[in-house]
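# Just need the structure, nothing else, for what follows:
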Amino acid sequence: MADRIFADRGRAHEAAYTAEQHAHFNTLARRNRMLANWAAGLLDREGDQAYISEVMASHFIEAGDADLTGKLMADFAAAGVQMDEQTIHAKLNEFMLAAAAQEKGSA
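Numbering: from 1, shown residues only. Here you go, the predicted model:
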């Protein structure tokens, strides 16, 4: 009986962890889409879904946000758009808050 209780509790913790990880992934995806749309607008590529997908995919190159900010910095430099990493990080934070609020609203 005790084994069953512990097994049920373990499954409940696993399910909660899985749901939490799924929500976090969705929030990051929303944030990255917002960031990609923002960057596309500054690069005169607004509505360019291929570019937006490319930016979003760049986040999966390595852990953290360095790959994402590096891609955007390179894209801005290539287009002659003045940009600094602090602005990109501020936008990351702004969009993370907005994405988290949207995620909570859809839950």
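# Could you use CA atoms for every contact and neighbour count after this?
Fine.
# how much space between the residue sitting nearest the centre point of the chain and residue 96?
In the chain, the residue lying closest to the centroid (C-alpha atoms, centre = their mean) is residue 28, at 2.5 Å. Residue 28 sits at a distance of 7 Å from residue 96 (criterion: C-alpha to C-alpha, to the nearest Å).
# Checking the residue nearest to the centre of the chain next. Helix, strand or coil?
Secondary structure, DSSP: H, G, I helix; E, B strand; the rest coil: residue 28 is helix.
# who are the neighbours in contact with it?
The contact partners of residue 28, by C-alpha atoms under 8 Å, 6 or more residues apart in numbering, come to 96, 99.
# now the one 10 residues further on
By C-alpha under 8 Å, 6+ apart, the contact list for residue 38 is empty.
# quick check, distance from the lowest-mean-pLDDT helix or strand in the chain to the centre of its chain.
Ranked by mean pLDDT, DSSP states H and E, the helix or strand of the chain with the weakest confidence is helix 2-42, at a mean of 83. The chain centre lies 12 Å from the centre of helix 2-42; the measure is C-alpha atoms, centre = their mean, to the nearest Å.
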